[in-house]
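1. Just to be clear, the model below is a prediction. Sequence and coordinates:
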Protein chains: 2
Amino acid sequence: MIVAKLGGSMGTDLDRALADIASLVGEGTEVVVVHGGSKEVDRISSALGKPPRYVTSPSGFKSRYTDRETLEIYVMVVAGRVNKLVVERLQALGVNAVGLSGLDGRLLRGKRKGVIIAQEDGKKRVLRGDYGGTVEAVNAGLLRLLLGEGYTPVIAPLALGREGEPLNVDGDRVAAAVAAALGAEALVLLTDVSGLLSDPSDPSTLIPHIPAARAREHMERYARGRMKKKVHAAISALEGGVGRVVIADGRKEHPLRRALGGEGTVIRS
Amino acid sequence: MIVAKLGGSMGTDLDRALADIASLVGEGTEVVVVHGGSKEVDRISSALGKPPRYVTSPSGFKSRYTDRETLEIYVMVVAGRVNKLVVERLQALGVNAVGLSGLDGRLLRGKRKGVIIAQEDGKKRVLRGDYGGTVEAVNAGLLRLLLGEGYTPVIAPLALGREGEPLNVDGDRVAAAVAAALGAEALVLLTDVSGLLSDPSDPSTLIPHIPAARAREHMERYARGRMKKKVHAAISALEGGVGRVVIADGRKEHPLRRALGGEGTVIRS
C-alpha cells in the first residue's frame, strides 16, 4: 500500500500523477491519495473579497492565517472543489475514488493551535482566532473498509477539532499521519522541485538518499519554506513505521512511478 | 431504515431536523440523509459575480440553468459547503456522519439533459450547455457498507454523468432514488409548508393522506413549483418499493419525528 500526496498544481502535473495512480490501482496496489488546495483557496478567497494572509513563524514555517471566514472558504474549496475535481478525474480514469475530508467518519482528529506567532519585521506578533491545527489521530478503519471493497480514498486536508470545529491542517502532515496509521510501505510527497536540494537555487544539488537518523539534521541544514514541512512530515511518517518516504518531482511524466523507483530524495531507515 | 431529505434552510430548521436524526440514530434506526443547497449556491454564485439563472419548463417545473461555470460553483458549494456543514453539525451531536456526493464511489449515476426548454413570455426557448440531469442508478452497496459499520451517510445532490461529468440533480429525486435502492421503510421530504395543500394559499387545506394510486392526479391538480417536484419524487419512490413517503413541515420542533408519526401529507399504497 502506498500513500501519495499530490502536488499543488491543478493542471498537467495533476493529470500525470493521477494517470500513475490509475495504473497502480489497476495492478492491484492499494493507494490512498491526499491533496492540498492552497492555491485554489487563495484564488477563490480573493474572488470572494477576502485575500489570503500568510505569516511566517519564528522557526521559519510559513502558514495561512485562518480566521473563521477564511476557514469556511477553506472547507468549501478543499473538500468541495479540489477534492471533487480529483475524484472526478480519477473516476474518468476508471478508479472508483471516494472523496473524504477529515470530518467524515471522524477520519482525522486534530488539535487546534488557536494562537499563531508571526515573525514580522524582526518582531514577534501573536495572532488569535486561528483555525489551523495538527493531526492527532486517524480513523484507519474507515480507510481499510473502503480499500477492502476496492475504493480509492481521496483525502482533503481538514481535521475535526476537539470542540467539533473543522481545522485547516497541512496536507503533507495529513499524508504522513495516514501513511503511519495504515503502516504504508511508502509515502510519496510530490512537489515542484526534484527533491531536497543542498543548494535550493541549484537543481543539480539533489540529495538522493538520507538515512532516517540523519533526516532532522538535513532538514535544519538544507530545507526552507515548504520543503521544511515536507521533511518534517517525512520524519513523522518514518517514526510512525512507514517503510520509506520519497520527496519527488511532480512535474515529470510518471511522477509516482519514478518516485517509487527511487527518483527524488529517498528517506528511509 | 429511513431516508430524510432536509429542507433548504441552514438555520434553526436544519438544527431541529439534525437533532431528530441524532436521536433516531441513537435508538438504532438507520438513517440516510440527503440535502439540497440551492440557496447557498445562489448566495456564493452571486458573491463570485455569477448570479443564478432560473427557468421554468413548459410543464411548469422551475429549475436552475447550470452552465459549466455554474456547475463548478454548484459542485463546490453543495459538496464542500452544505455537505460539510451538515456533517460537522451531526458530528457535534455524536452522529458519525460521512459526507458523500454522487461522484464518490459512483454513488449516483445520472443522465445529462443537455438541453432545457424554457417557457419565457409565452414562448419556448431552447437553452444548451446545461449540466442538469436525472439519477439513473444508485450504488446501494456503498451506503450499506457504511451503514453496516455505524456511519450515517450524508448525500449531496450531484451525479456522475455518462461522460464522467458531474451533474446537478434534484435533491428530492436523489432522496427518492436512494430510498428505492435501499428499500427504505419511509422517505421524509422536509419543506417549508405543512404538506400538500389543496389551496396553496391556505395552510388549513392540508391533504393528510393520498393513496399511491391517486398521487399523480393530486400532483397535477394541486401541486405547484417545488411541491410538484416533491410529489413527483414521492411517486417514483413508491414505484421503487418504498413503504411510505411523508411530505412534511421542516419548520417545527421535531420535524422528522412528527413526519414519521404521520404529520404532513402521507402518501402510501
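-> Received it, and whenever you're ready, just let me know what you need.

2. All the helices of chain A, residue numbers only.
-> Assigned by DSSP state H, chain A shows helices spanning A:12-26, A:38-47, A:68-75, A:83-92, A:140-148, A:171-182, A:215-222, A:225-239, A:255-260.

3. CSV for those, including distance to chain B and mean neighbour count?
-> Bear in mind the C-beta positions are built from the backbone N, C-alpha and C, glycine included. Output for those, formatted as CSV (distance: least, C-beta to the nearest C-beta, whole Å; neighbours: other C-beta atoms under 10 Å in any protein chain shown):
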stretch, distance to chain B, mean neighbour count
helix A:12-26, 13, 19
helix A:38-47, 5, 17
helix A:68-75, 5, 20
helix A:83-92, 4, 23
helix A:140-148, 6, 18
helix A:171-182, 16, 27
helix A:215-222, 33, 16
helix A:225-239, 24, 21
helix A:255-260, 22, 22
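
4. Can I get these in TSV including mean pLDDT?
-> Output for the helices of chain A, formatted as TSV (pLDDT from 0 to 100):
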stretch	mean pLDDT
helix A:12-26	96
helix A:38-47	95
helix A:68-75	96
helix A:83-92	97
helix A:140-148	98
helix A:171-182	98
helix A:215-222	94
helix A:225-239	94
helix A:255-260	98
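
5. for those, which one sits closest to B:Ile2?
-> Nearest to B:Ile2 among the helices of chain A is helix A:140-148; the distance by C-beta to C-beta comes to 22.9 Å.

6. Give me the pLDDT value at the residue in the stretch 1-150 of chain A positioned nearest to chain B.
-> Ranked by C-beta to the nearest C-beta, the top residue of the stretch 1-150 of chain A for proximity to chain B is A:Gly80, at 1.5 Å. Model confidence at A:Gly80, expressed as pLDDT, equals 98.

7. Would you confirm that it contacts B:Leu85?
-> No - with contacts counted by C-beta atoms under 8 Å, A:Gly80 stays clear of B:Leu85, the gap being 10.8 Å.

8. per-residue confidence at A:Gly11?
-> pLDDT, read off for A:Gly11, is 78.

9. Next: A:Ile117.
-> On the pLDDT scale, A:Ile117 gets 89.

10. how many neighbours does it have?
-> A:Ile117 has 14 neighbours, counted by other C-beta atoms under 10 Å in any protein chain shown.

11. With A:Glu69 as the reference, measure out to it.
-> 21 Å (C-beta to C-beta, to the nearest Å).

12. Can you tell me what sits against stretch A:191-202?
-> A:7-9, A:13, A:203, A:205-208, A:210, A:218, A:222-224, A:226-227, A:230-231, A:247-251, A:263-265 (C-beta atoms under 8 Å, 6 or more residues apart in numbering or on different chains).

13. got the end-to-end distance for it?
-> End-to-end distance of stretch A:191-202 (C-alpha to C-alpha, to the nearest Å): 16 Å.

14. Tell me the gap between stretch A:95-107 and the middle of its chain.
-> 15 Å (C-alpha atoms, centre = their mean, to the nearest Å).

15. Stretch A:83-92 now?
-> The chain centre lies 17 Å from the centre of stretch A:83-92; the measure is C-alpha atoms, centre = their mean.

16. repeat for stretch A:213-225
-> For stretch A:213-225, the separation from the chain centroid amounts to 18 Å (computed by C-alpha atoms, centre = their mean).

17. Quick check: buried residues in stretch A:193-206?
-> A:Val193, A:Ser194, A:Gly195, A:Leu196, A:Leu197, A:Leu206 (16 or more other C-beta atoms under 10 Å in any protein chain shown).

18. Throw the residues you listed into a markdown table and include pLDDT, thanks.
-> Below are these laid out as a markdown table (pLDDT from 0 to 100):
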| residue | pLDDT |
| --- | --- |
| A:Val193 | 93 |
| A:Ser194 | 95 |
| A:Gly195 | 96 |
| A:Leu196 | 97 |
| A:Leu197 | 96 |
| A:Leu206 | 97 |
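
19. Restricted to strands, list those residues.
-> Among those, none falls in strands (DSSP state E).

20. Reformat those residues as JSON lines; add distance to B:Val3.
-> Converted to JSON lines, the buried residues of stretch A:193-206 look like this (distance: C-beta to C-beta, whole Å):
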{"residue": "A:Val193", "distance to B:Val3": "49"}
{"residue": "A:Ser194", "distance to B:Val3": "51"}
{"residue": "A:Gly195", "distance to B:Val3": "50"}
{"residue": "A:Leu196", "distance to B:Val3": "51"}
{"residue": "A:Leu197", "distance to B:Val3": "54"}
{"residue": "A:Leu206", "distance to B:Val3": "55"}
